[in-house]
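Visitor: Next input, structure requested:
(one chain, ligands or ions: 1)
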Amino acid sequence: LLIRIATQKDAATLAVLGAKTFAETFLPDNRADDVMAYVDASFTPQLQARELAAPGVWAFIAECDGEAVGYAKLQRSEAPDCVGGDAPLEIARIYVAAAFHGRGVGAALMNACLEKATALGADTIWLGVWERNERALGFYRRFGFDERGDHVFLLGSDPQRDLIMARPIEPPGDGR
Ligand SMILES: CC(C)(COP(=O)(O)OP(=O)(O)OC[C@H]1O[C@@H](n2cnc3c(N)ncnc32)[C@H](O)[C@@H]1OP(=O)(O)O)[C@@H](O)C(=O)NCCC(=O)NCCS
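Guide: Residues are numbered from 1 along each chain as shown. This next block holds a predicted model:
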């Protein structure tokens, strides 16, 4: 398993992997047209290229035997008030292909995000997660995130409740 920083050249890969993993995650519990409306609006190569080029965005790709099997996107963004902290960073996406769940890929992506956040001097890392996404909720709790509040996420035409979760980032050691 290799974790690497995504570049502009990865826009098409992220579009395919983003669409596939989003559909795998949400099709079972949502209306297909809501899921596909979101996928079509978010995972084109052009949009992925634009996101990768934006300042304050870092994407990581997990490769297993050369195949992209997961990705995460870390970004500077406006944090909801409930997050707190002076220097928050958002994990905007973290997705592993279903066939690779439970094999440490998510942990490797999360650790890459936490390390980058530490290096960037963040003091808090936060994310939004659908209140019904039990698998992700368990994963985030395992990594020390706790619930701080909620907000509305529009999936196609369906307004959903996302929980806002956050955890502190330890400052880098000073060697003492
Ligand atoms: C959530 C997700 C990223 C986790 O990735 P993963 O590769 O399956 O997780 P890992 O195998 O790396 O697990 C890492 C640790 O978290 C734990 N963990 C994973 N899923 C868990 C769960 N549902 N509940 C409790 N702990 C969990 C593992 O046991 C492991 O802990 P350990 O180191 O003590 O053994 C993955 O399941 C996924 O992509 N889900 C679909 C997409 C999604 O919902 N993304 C989030 C949208 S907000």
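
Visitor: which residues does the residue nearest to residue 158 when sequence neighbours are not counted contact?
Guide: Take residue 158 and drop its neighbours on the chain: the residue closest to it by CB to CB, 6 or more residues apart in numbering is residue 34, 4.8 Å away. To be clear about C-beta, it is placed using only N, CA and C from the backbone, and glycine gets the same treatment. Listed by CB atoms under 8 Å, 6 or more residues apart in numbering, the contact set of residue 34 reads 155, 156, 157, 158.

Visitor: for residue 170, same thing?
Guide: Contacts of residue 170 by CB under 8 Å, 6+ apart are residue 118.

Visitor: Mind checking what secondary structure it has?
Guide: coil (DSSP: H, G, I helix; E, B strand; the rest coil).

Visitor: for residue 15, phi and psi?
Guide: When read as degrees, to the nearest 10, the backbone of residue 15 gives phi -60, psi -50.

Visitor: Could you report the neighbour count for residue 150?
Guide: 15 (other CB atoms under 10 Å).

Visitor: What of the one 5 residues further on?
Guide: Burial of residue 155, expressed as a neighbour count using other CB under 10 Å, amounts to 17.

Visitor: Renumber starting at 123 from here on
Guide: With the count now opening at 123, the last piece we talked about shows up as residue 277.

Visitor: Pairing partners for it in the sheet, please.
Guide: As for beta bridges, residue 277 partners with residue 280 under DSSP bridges.

Visitor: So it versus residue 269, what's the distance?
Guide: Relative to residue 269, residue 277 is positioned 20 Å away (CB to CB, to the nearest Å).

Visitor: The protein: helices as residue ranges?
Guide: Using DSSP state H, the helices of the chain run over residues 133-148, 154-164, 167-175, 227-241, 256-264.

Visitor: Count the residues that sit near the closest residue to residue 151 other than its chain neighbours.
Guide: Spatially, and ignoring its direct neighbours in sequence, residue 151 is nearest to residue 254 (6.2 Å; CB to CB, 6+ apart). By the measure other CB under 10 Å, the count of residues near residue 254 is 13.

Visitor: what's the answer for residue 137, then?
Guide: Residues near residue 137, counting by other CB under 10 Å: 19.

Visitor: same deal with residue 242?
Guide: Residue 242 has 14 neighbours, counted by other CB under 10 Å.

Visitor: for it, what are its contacts?
Guide: residue 211.

Visitor: what about it, distance to residue 180?
Guide: For residue 242, the distance to residue 180 - CB to CB - is 8 Å.

Visitor: Can you pull up the most central residue in this protein?
Guide: residue 215 (1.7 Å; CA atoms, centre = their mean).
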